[in-house]
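Undergrad: Attaching a predicted model along with its sequence, questions to come.
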Amino acid sequence: MYKVVGVVAVPGALGLMSGAVFAAAEDKPNDTVNTDELSLYTVPQSKFRYVEPEIGHLEQGVTNLRKLAEPYTSWCQQTRHSAVEKVQGAIGKVLPKVESVSQLGNETFTFLKNPPAEFYPRAGVIGFAGILGLFFARGSRVKKLFYPTGLMAIGYSMYYPQQAAAIAKNTGESLYDFALQGYVNTEKVFKSATTPAQRKTVKKTKPEERKPEDAGLAEEAKS
């Protein structure tokens, strides 16, 4: 009877006992690892320190020579820079004039290449007026300057009145400005000559040049 009870009790006890059931893991591919990645085979990082080499006699001499030549090199650079600036400024001033002269020459060449129908006869008359002025102005340099110029101006104004009026206007304005500037400069020169500069001179008296009375008064003041 005891044997039957024991056989029956064992399966019941086994049913009441709880146990953990582990599921089988999925098969994963084996990952290969390099030996360098293992802590056992890692190489420790080496620390480097830069050590400046010792300066020799030649390097020291070159350094001293460079320090001595530094002011001269800087002066040469400044001089070269100023010279380049001056040249660029001169080129900037001259270049527009050269371009204007070149443009005037091109326009003149184009005009003479295809002149108007009455250009050459008028130019001949104006030139003949200048030659006639030289003929009348014999024996005087002033007449040689004014007569040909005046006759040519008269002939030019007869054929080209508008251009002559514009030239006369510009010439008159230039002469007026020149005369006004000359008058101002002359007035400044005369004023500087008539009004001399007044300078105050203070004479200092030395102790030995003082009068006896002044010396006595000074001694009384001290006492």
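TA: Good, I have the coordinates.
Undergrad: only C-alpha atoms for contact and neighbour calcs from this point on.
TA: Noted.
Undergrad: shaky segments in this structure?
TA: For the chain, the stretches flagged by pLDDT under 70 are 1-46, 194-223.
Undergrad: can you give me the helices in it?
TA: 2-16, 57-113, 119-136, 141-159, 161-194, 212-222 (DSSP state H).
Undergrad: Can you pull out the residues in contact with the fourth one?
TA: Helix 141-159 is contacted by residues 122, 125-127, 129-134, 136-138, 163-165 when judged by CA atoms under 8 Å, 6 or more residues apart in numbering.
Undergrad: what do you get if the cut-off is 10 Å, keeping everything else the same?
TA: For helix 141-159, contacts defined as CA atoms under 10 Å, 6 or more residues apart in numbering pick out 118-119, 122-123, 125-138, 160-161, 163-165, 167-168.
Undergrad: so how far is Leu132 from Lys143?
TA: 12 Å (CA to CA, to the nearest Å).
Undergrad: ugh, wrong one, Phe146
TA: 12 Å.
Undergrad: Please apply the same query to Met152.
TA: According to CA to CA, Met152 and Leu132 sit 9 Å apart.
Undergrad: Then Ser140?
TA: 15 Å.
Undergrad: The two: who's more crowded?
TA: More crowded of Ser140 and Leu132, by other CA atoms under 10 Å: Leu132, with 15 against 9.
Undergrad: give me every residue that touches the more buried one.
TA: Per CA under 10 Å, 6+ apart, neighbours of Leu132: Ile126, Tyr147, Pro148, Leu151, Met152.
Undergrad: same check, this time on Glu118
TA: When contacts are counted by CA under 10 Å, 6+ apart, Glu118 touches Tyr159.
Undergrad: Also Thr79?
TA: Per CA under 10 Å, 6+ apart, neighbours of Thr79: Thr73, Glu85.
Undergrad: try the one 4 residues further on
TA: By CA under 10 Å, 6+ apart, the residues touching Ala83 are Gln77, Gly89.
Undergrad: What of Gln181?
TA: So Gln181 contacts Leu175, Glu187 (CA under 10 Å, 6+ apart).
Undergrad: Could you report the separation of it from Thr171?
TA: For Gln181 relative to Thr171 (CA to CA), the value is 15 Å.
Undergrad: quick one, domains of this structure?
TA: Per the record, the chain has its domains at 63-114, 116-159, 160-191, by automatic domain parsing.
Undergrad: Show me the one of those that comes nearest Ile55.
TA: For the domains of the chain, the distance to Ile55 is smallest for domain 63-114, at 10.2 Å, taking CA to CA.
Undergrad: State the number of residues packed around Gly124.
TA: 11.
Undergrad: try Gly92
TA: So Gly92, with other CA under 10 Å, has 11 neighbours.
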